[in-house]
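Trainee: quick one, structure for this:
(4 chains)
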Protein chains: 2
Amino acid sequence: MAYEIAIAALGDPTRRAILEALRARPLPVAALAAELPVSRPAVSQHLKVMCAAGLLTCTPSGARRIYAIDPAALAELRDWLDRLWDDALTSFADAARAQARRSGDPA
Amino acid sequence: MAYEIAIAALGDPTRRAILEALRARPLPVAALAAELPVSRPAVSQHLKVMCAAGLLTCTPSGARRIYAIDPAALAELRDWLDRLWDDALTSFADAARAQARRSGDPA
DNA sequence: CAATCTCGTAAGCCACGACTTACCGTAAGT
DNA sequence: ACTTACGGTAAGTCGTGGCTTACGAGATTG
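Mentor: Predicted coordinates for the structure are as follows:
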């Protein structure tokens, strides 16, 4: 049910860049902003959205907060995609079969 | 490389609704618009974007055009998600290991 | 050929959201 | 306690894109 919020969050290029930056290792906000072409508050706002979407986890460590990718959200997204992919393949096969029947293969 | 355009296209709720409508069977534009709360030209514009993103295929059939989900784009998206998921799990395990070491488990 | 159905495109409006600067808490270091 | 680093929030600007209505092009039917 939350996959909709997650995939909507992934629509923004900056947020995908954040994901790519966190792909290797968790990072605090300042380090994250240093790798991106936008200001630190902008990153902070994106992080808020991504945390709400379940895409990231936030771990306070003293004065700083470490953000990391939450694999659970990705798993849910993957499941949704898998089901969609499966249905698409099925309806694709159905369409092909109907097409063949229409083209003179009625047996 | 095209997965970025595809996932950006999936960011819009109306486009996801189009995907859901095409999930069972391919449809022409008018039938698609009838199931959605927006006008037919709006649907047409979304279809254009989704075709450009590789998410849909367009098959002219006389005066009408039949749109269907293209499984290939979904496969590419799935691969991207899988790799991201894998990296996230790895860095998650790394972080847990580093944390354990820091908490007095040096052997 | 005329009438109608199909659909894409153009023009314009409007809201949403991404970004910036400025500010204020909170934690660590001296 | 003062100072410095870290980071979330508020307020405001501005571009982007999703929607609508109006129109035009091609196919089908009579």
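Trainee: quick one, what contacts the residue of chain A found nearest chain B?
Mentor: Nearest residue of chain A to chain B (Cβ to the nearest Cβ) works out as A:Gly11 at 2.3 Å. For every residue, glycine as well, the C-beta is placed using N, CA and C. A:Gly11 makes contact with B:7-8, B:10-12, according to Cβ atoms under 8 Å, 6 or more residues apart in numbering or on different chains.
Trainee: relative to chain A, which of these is nearest.
Mentor: Comparing the contacts of A:Gly11 against chain A with Cβ to the nearest Cβ places B:Gly11 closest, at 2.3 Å.
Trainee: now do the SS call for the closest one.
Mentor: coil (DSSP: H, G, I helix; E, B strand; the rest coil).
Trainee: for chain A, what lies in contact range of chain B?
Mentor: Within chain A, the positions near chain B by Cβ under 8 Å from any Cβ of the partner chain are A:4, A:7-8, A:10-13, A:16, A:19, A:22-26, A:68-71, A:74-75, A:77-78, A:81-82, A:84-85, A:87-89, A:91-92, A:94-95.
Trainee: residue boundaries of the strands in chain A?
Mentor: Along chain A, the segments classed as strands by DSSP state E run A:27-28, A:56-61, A:64-69.
Trainee: quick one: which of those strands is nearest B:Cys51?
Mentor: Closest of those to B:Cys51 is strand A:64-69, at 31.1 Å (criterion: Cβ to Cβ).
Trainee: where do the helices sit along chain A?
Mentor: For chain A, applying DSSP state H gives helices covering A:3-9, A:13-22, A:29-34, A:40-52, A:71-102.
Trainee: can you put those helices in TSV and add mean pLDDT, distance to DNA strand D and mean neighbour count?
Mentor: What follows is these, written out as TSV (pLDDT from 0 to 100; distance: least, Cβ to the nearest atom of the strand, whole Å; neighbours: other Cβ atoms under 10 Å in any protein chain shown):
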stretch	mean pLDDT	distance to DNA strand D	mean neighbour count
helix A:3-9	96	10	18
helix A:13-22	97	9	18
helix A:29-34	97	3	16
helix A:40-52	98	3	16
helix A:71-102	82	15	15
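Trainee: I'm done for today, thanks for sticking with me.
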